[in-house]
Each structure stands twice: as C-alpha cells, then as structure tokens.
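# A structural model of the following input is requested.
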Amino acid sequence: MRTGSEPATARSALRARFWLSVWGLVWAIFGTAVFALVGRPGWAAACGVLWLVATVDMTMILRHIRQGPHYQPGRDVPPYRPVDSGPPYPRPSSRPYTRPPRPRHP
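Take a look at the predicted model:
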C-alpha cells in the first residue's frame, strides 16, 4: 500500500544484494570444502545448506535485475480504493463529553 511518504524514484539495491550474495556464496563454498577435508561432516553440511540458500537468493536477485523497473503509481493514485459506504464505526454524539461534578468538602 502506498502511504505517500516514499520517494518517487525509490529503487531496491539489487546490485548490492547481488554482490553480498556472491560474497556469501564464496564463503559457503570455501567452508564446505574446508570442513569436508578436515573431517567435520556436520559443519560441512551446514555450509552446504548455506551454499544452497545463497545460490537460490542469487538466482532470485538476478531474475529481479533482469525484469527491470516495475510500474509505480503516481501521487494522484490513492493508496487504496475509497470506501463507498459510511464509516465502519458509529458517529460520535453531538454533545461533547463533560466531566461529572467534583465533590466539595467543607
């Protein structure tokens, strides 16, 4: 939903996310190889799962980069469709709230 407070030219930092994903992928591959050679299969499996997550993330990032910019509504487009009926809450009474009188002690 648009709130109107976002910049008109806002873009996602997809290229920065891509390079951070590359960095994580390199470390995951390195960790998988080193832990497998050292004989730590649990840590090698954990790095292998991280390798898989980084690969899927990089695939999604590249897909979004290739899609290009998407349509963003202008300022004249309301953030939601206006309600056709009246308000969903009861209207306040016409009398303003008055406090009860305070007791006076002699």
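# just the helices in the chain please.
14-38, 41-67 (DSSP state H).
# quick one: which of the ones you listed is nearest P103?
Proximity to P103, assessed across the helices of the chain by Cβ to Cβ, is greatest for helix 14-38 (66.2 Å). Any C-beta I mention is one placed from the backbone N, CA and C, and that applies to glycine too.
# Which strands and helices lie in contact with that closest one?
helix 41-67 (3 or more Cβ pairs under 8 Å, 6 or more residues apart in numbering; DSSP states H and E).
# and the helix it packs on with helix 14-38, angle?
Relative orientation of helix 41-67 versus helix 14-38 (axes from the mean of the first three to the mean of the last three Cα atoms, to 10 degrees): 160 degrees.
# Which of the residues in helix 41-67 are classified as buried?
For helix 41-67, burial by neighbour count (16 or more other Cβ atoms under 10 Å) applies to 44, 47-48, 50-51, 54, 57-58, 61.
# so can I have TSV of the residues you listed showing distance to F35 and pLDDT?
Output for the buried residues of helix 41-67, formatted as TSV (distance: Cβ to Cβ, whole Å; pLDDT from 0 to 100):
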residue	distance to F35	pLDDT
A44	4	97
C47	6	97
G48	9	97
L50	11	96
W51	11	96
A54	16	95
D57	21	94
M58	21	95
I61	26	92
